[in-house]
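> coordinates only, sequence not included:
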């Protein structure tokens, strides 16, 4: 499995709605609310060989209330 993180900026007042929708879809490993430029930090796992760009485009961007995202691909956990 390949882990990666997506920072999500939500439309004003919709961060809990977005977080709950992602949780209900059961596609994320962990979901955190955050302070700063982005509202949520979400950890995903995909199978080796999965196109992460397509996954984010098709499985994450579809939730109403998302204004922007930033994807971070990780290399090694210590």
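The structure has been received and is ready for your questions. Computed from a predicted model, the values in this text were never measured in an experiment.
> roughly how far out does the longest helix seen in the chain sit from the chain middle?
Of all the segments assigned as helix in the chain under DSSP state H, the longest by residue count is helix 15-25. Here the centre of mass of C-alpha atoms in helix 15-25, compared against the chain's by CA atoms, centre = their mean, to the nearest Å, lies 10 Å away.
> now for it, which elements pack on it?
Taking 3 or more CB pairs under 8 Å, 6 or more residues apart in numbering; DSSP states H and E as contact, the helices and strands that helix 15-25 lies on are strand 2-10, strand 30-33, strand 40-46. Where you see a C-beta, it was placed from the backbone N, CA and C, and this is true even at glycine.
> out of these, nearest to residue 57?
Between residue 57 and those, the shortest gap by CB to CB is with strand 2-10, which sits at 11.2 Å.
> show me which positions of that closest one end up buried.
Of the residues in strand 2-10, those with enough neighbours to count as buried (16 or more other CB atoms under 10 Å) are 4, 5, 6, 7, 8, 9, 10.
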